[in-house]
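Peer 1: quick one: sequence and predicted model below, then my questions.
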Amino acid sequence: MNKNPPSLPQLSFSSILRGLCPSCHSGKVTRGFFGTYPQCAKCRYDFHPESGFYLGAMVVSFFVTAALTIPPMILLKILDVELEILLAFPFLEFLLLGPVLLVYSKILWLHLEYRLTHQLNKPDR
Ligand SMILES: [Zn+2]
């Protein structure tokens, strides 16, 4: 557990996609589809460091949702699609991507917290 975290470019994009622990990159974070384990089964990294920890995932979810919604809406407007389609797009997108965004925003938040905490606690800083 004392190994240094990988550098930022090495931040394992694949372990975020696979929902793996930010510390050891081998233990699963998610239990079922919406739940999270209390700690990593492999390295015992705490997945719930404080109460309300995952409220920060809402901010991540907001920015990811904005990034996935606003550019396509602008493109649809430029393509001059009908107003009904333009208004229905965000609702259909949320129905399809909402559950996935919920899960991945929590995993991404956990990885960001791990990265920031271990970057700030390095002895050379
Ligand atoms: Zn782990």
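Peer 2: Now that the structure is in, tell me what you want to look at. Small disclaimer: the values here were computed from a predicted structure and weren't measured.

Peer 1: look up how far F53 lies from I85.
Peer 2: Distance, I85 to F53, using Cβ to Cβ, to the nearest Å: 39 Å. (Each C-beta comes from the backbone N, C-alpha and C, glycine too.)

Peer 1: please say which of those two ends up with more neighbours.
Peer 2: F53 (16 against 11; other Cβ atoms under 10 Å).

Peer 1: quick one: secondary structure of the nearest residue to that one once chain neighbours are set aside?
Peer 2: Using Cβ to Cβ, 6 or more residues apart in numbering and skipping residues adjacent in sequence, the residue nearest F53 is E113, 7.6 Å away. Following DSSP: H, G, I helix; E, B strand; the rest coil, the label given to E113 is helix.

Peer 1: okay but E113 is in contact with H48, surely?
Peer 2: No: at 10.9 Å, E113 and H48 do not qualify as touching, with contact defined as Cβ atoms under 8 Å.

Peer 1: the more surrounded of these two?
Peer 2: E113 (18 against 13).

Peer 1: quick one: contacts for the more buried one?
Peer 2: Listed by Cβ atoms under 8 Å, 6 or more residues apart in numbering, the contact partners of E113 are P22, P49, F53, G56.

Peer 1: so which residues of this structure form helices?
Peer 2: Applying DSSP state H to the chain gives helices spanning 13-17, 56-78, 83-120.

Peer 1: mind listing what's buried along the longest one?
Peer 2: What it means is helix 83-120. Under the neighbour-count criterion of 16 or more other Cβ atoms under 10 Å, helix 83-120 has 93, 101, 103-115 buried.

Peer 1: over to the first one?
Peer 2: By neighbour count on 16+ other Cβ under 10 Å, the buried set for helix 13-17 is S15, I16.
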